[in-house]
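Trainee: Here is my input, please return the structure:
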Amino acid sequence: MLSYPATSAKCRDRFVTDPPIPATLDGMYYMSRAFHSQENRIYDLSLDYRAIRWIQENIPGSPVMLEGSAPRFSWASRVSIYTGLPTLIGWDSHVGMQLASLPDNQIGERINDVAVIYRSPDPRLVIPLLKRYQIDYIYVGQLERQYYPGPGLNKFETYLGRYWDLVYMNPGVSIYRVKP
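Mentor: Model (predicted):
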């Protein structure tokens, strides 16, 4: 588990940075040096920052990127927010407002399907869901490890090369491309 930087860290809003972040027009720059606390866990945002920059520079088009679901107003949906790529579910309340004509169970079903994909160690349960939602990439970062701990995440390494390939990795993030 990460700890905040030195006690001299400056806090602005919900993010801790040391040294303070200068004013900039780059809406992602703060991530390069910030830490975020959520539910007694500290995220080193620079790890997501580097992965998101890699996505922006290396993944063309609009493939579907799976990322974890978490309570509203959390660090969830950061990949789709900063890349514009579609994902299986964003913040459930926002999706509910934007797609109010959909039956309520569709949002809950998507949240459950995200959990199955990340938690199940059995690819026979996961592959049909990846195909159903036409998921091209799977993002496994600090948030996914917090919300979906356990053997389900191990399947990405166990079945590497068979169902997906590792296309990016840093100390806190792995991105897998689903094989066609």
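Trainee: quick one: low-confidence parts of this structure?
Mentor: Counting by pLDDT under 70, the low-confidence segments of the chain come to 1-19, 71-75, 90-104.
Trainee: now the helices: where do they sit in it?
Mentor: 45-58, 78-83, 92-98, 104-119, 123-132, 142-147, 151-158 (DSSP state H).
Trainee: buried sites along the fifth one?
Mentor: By that I understand helix 123-132. Buried positions in helix 123-132, judged by neighbour count with 16 or more other CB atoms under 10 Å: 123, 126, 127, 129, 130. Just so you know, the C-beta spots here come from the backbone N, C-alpha and C atoms, and that holds for glycine as well.
Trainee: helices or strands up against that helix?
Mentor: Taking 3 or more CB pairs under 8 Å, 6 or more residues apart in numbering; DSSP states H and E as the contact definition, the neighbouring helices and strands of helix 123-132 are helix 104-119.
Trainee: Show me which residues of the helix it packs on are buried.
Mentor: Residues of helix 104-119 classed as buried under the neighbour-count rule (16+ other CB under 10 Å) are 107, 110, 113, 114, 117, 118, 119.
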